[in-house]
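Asks: Would you be able to build a 3D model of this:
(2 chains)
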Amino acid sequence: MERVAIIGASMTQFGQREDEWILDLLAEGGLACLDDSGVDAADVEHLYVSNMASGEFEGQTGVPNALAHDLDAVPAYTQRIDQTSSSGGAGIYAAWQSVASGASDMTLLVGGEKMTHRTTGEATDIIASLTHPAEYKTGVTLPSFAGLTARHYLEKYDAPRESLAKVAVKNHENGVDNPNAQFQKEIDEETALESPIVANPLRLYDFCPITDGSAALMLCPESVAEEYTDEYVVVSGIDGATDTHVVHEREDPTVMGGVVESGKGAYEMSGRDPDDIDVAELHDMFTILEFLQMEGLGFAEQGEAWKLVEEGHTERDGELPINTSGGLKSKGHPLGASGVAQGVEIYEQLVGEAGPRQVDADVGLCCNVGGFGNCVITTIMEAAQ
Amino acid sequence: MTMEATKYEDGTISYPGHPRGPGGAEPVETIDLSEYTAEVVTWTTSTATPPGVREPNHLAIVEFDVDGESVRAIGQLTTDGVETGDDVRPVHVDELREPGAGIREPESQEWDGYRFEPV
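Replies: As a prediction, this is how the structure comes out:
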């Protein structure tokens, strides 16, 4: 099977985009990716759109076909990929499958979401609609799950509350150097620890914001990539997995089975192991998730990720930089775009286009989490040799 | 009123129930968890609640011991001040959140249920 390459990437400004709606955001990201890759829209054979809820947020459905028309990519085959917050990662998987299977020689993936016109309560409710009826009627939200899990983690592993604040501080620091990040400002630990309680023990700065934006990647067979550029990356490993729909039914609330299983699959396919990863983008929708993914992916022993964060291991100049983009925490989390934007950051790191965020990396990993670990996609990318 | 959990042919119990249990085990009976007490595994208080949900919303994951078989549930707490390891019992409430205030279709599910009260 020929390797699948990524030859272009783009990301719009993330944040509150008052005058743009979902079709505007997707077109902006898609056009920028066509431009970045040097691919003519007429050569796009498959067009995938990662999006969780444009119908619920905006009343706009049928977005893949609309995007194909707006980009002048008709008659490309189109499909919408919805896997809640991991729609972006699932989009990478779908785009990879389309190329690896031989069905497409040029696949454009665009992920996007328009959210900020809704109140926080409304947006939270749309996201929480993924829960089981027995959960939904309690009023539990994704932030509530994070609070429940964070308390259990801190108590079980005797981890200091400050270690979670350090995740927020680190990711905000990284976001300062990302011109497309929603927040480009540093925060200190005290600010994080004294911010308003949202779901105790977690506070405002433990949570990502509500965001508008889009991101895009262009995928093709490696032989086709070489016609366009010498600087591309290959998807060397990718896998997806699920965990229980009902969160409290998991045997250990601090273990995300979908992270473990998708990670295993991606490592096996790539022939890599955790020690080979030079840079990673993890789904820090909540600070506690960075710990759970570090442990699930084998970057830390169970219950010990917080120690690595305390030691600076995951900072930009550490042994394993995590969330150099600023993560969802600082960069923002437009649901369908986030997993694609993780891929954009790893692509830019591997081709040396990350500017002030650049680290020394040949192998990168992204982990995109849907629900509260309900669906997970792990992708390993490598600089073309 | 019952807090209905499902027991499967392999002896495991889940709340809520599913058409198949672990290893594809079929359901064999229901168990009313409201007759049991439970221990708080973890808890939180949510201060940013969706439409139709009380604010603040005290929530906990609790664990029941049903004849040696553990089964967990999530639910609202009747009060704050509950800590991990506390014992609680289910108390029926007619409406846990306002049907129709959120995005979920009101007719698609039941809205009554149980809150957990310290014993």
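Asks: from here on, contacts and neighbour counts on C-alpha atoms
Replies: Will do.
Asks: Going by neighbour count, list what's buried in stretch A:364-378.
Replies: The neighbour-count check on stretch A:364-378 (16 or more other Cα atoms under 10 Å in any protein chain shown) flags A:364-378 as buried.
Asks: is it up against chain B anywhere?
Replies: No. Stretch A:364-378 does not reach chain B (Cα under 8 Å from any Cα of the partner chain); its nearest approach is 14.3 Å.
Asks: start to end distance for that stretch?
Replies: End-to-end distance for stretch A:364-378, by Cα to Cα, to the nearest Å: 11 Å.
Asks: any idea how far that stretch is from the chain center?
Replies: Chain-centre distance of stretch A:364-378: 7 Å, with Cα atoms, centre = their mean, to the nearest Å.
Asks: can you check stretch B:86-105 too?
Replies: 9 Å.
Asks: Give me the contact list for that stretch.
Replies: Residues outside stretch B:86-105 that contact it (Cα atoms under 8 Å, 6 or more residues apart in numbering or on different chains): A:122, A:125-126, A:129, A:137-139, B:1, B:33-40, B:50-54, B:106, B:111-119.
Asks: one more time with 6 Å
Replies: A:138, B:34, B:37-40, B:51-53, B:106, B:111-119 (Cα atoms under 6 Å, 6 or more residues apart in numbering or on different chains).
Asks: Kindly provide the distance from A:S98 to chain B.
Replies: Going from A:S98 to chain B by Cα to the nearest Cα, to the nearest Å gives 32 Å.
Asks: Over to A:G29?
Replies: Distance from A:G29 to chain B, by Cα to the nearest Cα: 29 Å.
Asks: show me what contacts that residue?
Replies: So A:G29 contacts A:M11, A:T12, A:S214, A:A215, A:A216 (Cα under 6 Å, 6+ apart).
Asks: please redo it, this time with the cut-off set to 8 Å
Replies: A:S10, A:M11, A:T12, A:V110, A:S214, A:A215, A:A216.
Asks: Also A:E319?
Replies: With the criterion set at Cα under 8 Å, 6+ apart, A:E319 makes contact with A:D278, A:H313.
Asks: Looks to me like A:E28 is in a helix.
Replies: Yes. Counting by DSSP: H, G, I helix; E, B strand; the rest coil, A:E28 is found in a helix.
Asks: how many other residues sit next to it?
Replies: 23 (other Cα atoms under 10 Å in any protein chain shown).
Asks: That one contacts A:S10, correct?
Replies: No. A:E28 lies out of contact with A:S10 (Cα atoms under 8 Å); the separation is 9.2 Å.
Asks: List the ones among the buried residues of stretch A:364-378 that fall in strands.
Replies: Using DSSP state E, A:G364, A:L365, A:C366, A:C367, A:N368, A:V369, A:G370, A:C375, A:V376, A:I377, A:T378 are the members of the buried residues of stretch A:364-378 that sit in strands.
Asks: okay if I get those as CSV plus distance to A:L350?
Replies: Below are those laid out as CSV (distance: Cα to Cα, whole Å):
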residue, distance to A:L350
A:G364, 7
A:L365, 11
A:C366, 13
A:C367, 16
A:N368, 19
A:V369, 22
A:G370, 25
A:C375, 26
A:V376, 23
A:I377, 20
A:T378, 17
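Asks: Tell me the one among these nearest to A:Y228.
Replies: Among these, A:G364 lies closest to A:Y228 (Cα to Cα), at 22.2 Å.
Asks: So that closest one versus A:Q16, what's the distance?
Replies: If you measure A:G364 against A:Q16 using Cα to Cα, the figure is 29 Å.
Asks: same check, this time on A:E310
Replies: On the measure of Cα to Cα, A:E310 and A:Q16 end up 32 Å apart.
Asks: what does A:D36 give?
Replies: When A:D36 is compared with A:Q16 (using Cα to Cα), they lie 24 Å apart.
Asks: One more: A:N174?
Replies: Separation of A:N174 from A:Q16 (Cα to Cα): 20 Å.
Asks: the more surrounded of those two?
Replies: Applying other Cα under 10 Å to A:N174 and A:Q16 shows that A:N174 carries more neighbours, namely 26 against 17.
Asks: which residue packs closest to that one, ignoring adjacent ones?
Replies: Leaving aside its chain neighbours, A:N174 sits nearest to A:G326 (4.6 Å; criterion: Cα to Cα, 6 or more residues apart in numbering or on different chains).
Asks: ok, A:V224 - contacts?
Replies: A:D105.
Asks: Give the helix, strand or coil label for it.
Replies: helix.
Asks: what's the spacing between it and A:R316?
Replies: 33 Å.
Asks: same thing with B:G81?
Replies: B:G81 is 40 Å from A:R316, by Cα to Cα.
Asks: residues touching the residue nearest to A:N174, list them.
Replies: By Cα under 8 Å, 6+ apart, the neighbours of A:G326 are A:K170, A:N171, A:H172, A:E173, A:N174, A:G175, A:V176, A:N178, A:A181.
Asks: Quick check: residues of the stretch 151-300 of chain A near chain B?
Replies: Residues of the stretch 151-300 of chain A lying near chain B (Cα under 8 Å from any Cα): A:R151, A:H152, A:I197, A:V198, A:A199, A:N200, A:P201, A:H248, A:E249.
Asks: What is the strand or helix carrying A:I238 packed up against?
Replies: Following DSSP states H and E, one finds A:I238 within strand A:233-242. When contacts are defined as 3 or more Cα pairs under 8 Å, 6 or more residues apart in numbering or on different chains; DSSP states H and E, strand A:233-242 packs onto strand A:4-11, helix A:87-100, helix A:257-270, helix A:335-351, strand A:375-383.
Asks: what's the most buried one of the ones you listed?
Replies: helix A:335-351 (a mean of 30; mean count of other Cα atoms under 10 Å in any protein chain shown).
Asks: In CSV, list the C-alpha atoms belonging to it.
Replies: Taking C-alpha atoms only, helix A:335-351 is exported to CSV below (Å, rounded to 0.1, in the frame of the first residue of the first chain):
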residue,chain,number,x,y,z
LEU,A,335,-15.4,21.4,17.5
GLY,A,336,-15.1,20.1,14.0
ALA,A,337,-12.0,22.0,13.3
SER,A,338,-9.9,21.1,16.3
GLY,A,339,-8.7,17.6,15.2
VAL,A,340,-7.8,19.0,11.8
ALA,A,341,-6.0,22.0,13.5
GLN,A,342,-4.0,19.5,15.6
GLY,A,343,-2.9,17.9,12.3
VAL,A,344,-2.0,21.4,10.9
GLU,A,345,0.3,22.1,13.8
ILE,A,346,2.1,18.7,13.5
TYR,A,347,2.4,19.2,9.8
GLU,A,348,3.9,22.7,10.3
GLN,A,349,6.3,21.3,12.9
LEU,A,350,7.5,18.5,10.7
VAL,A,351,8.1,20.7,7.6
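Asks: Tell me how far that helix lies from the chain's centre.
Replies: The answer for helix A:335-351 is 7 Å, by Cα atoms, centre = their mean.
Asks: Nothing else from me, thank you.
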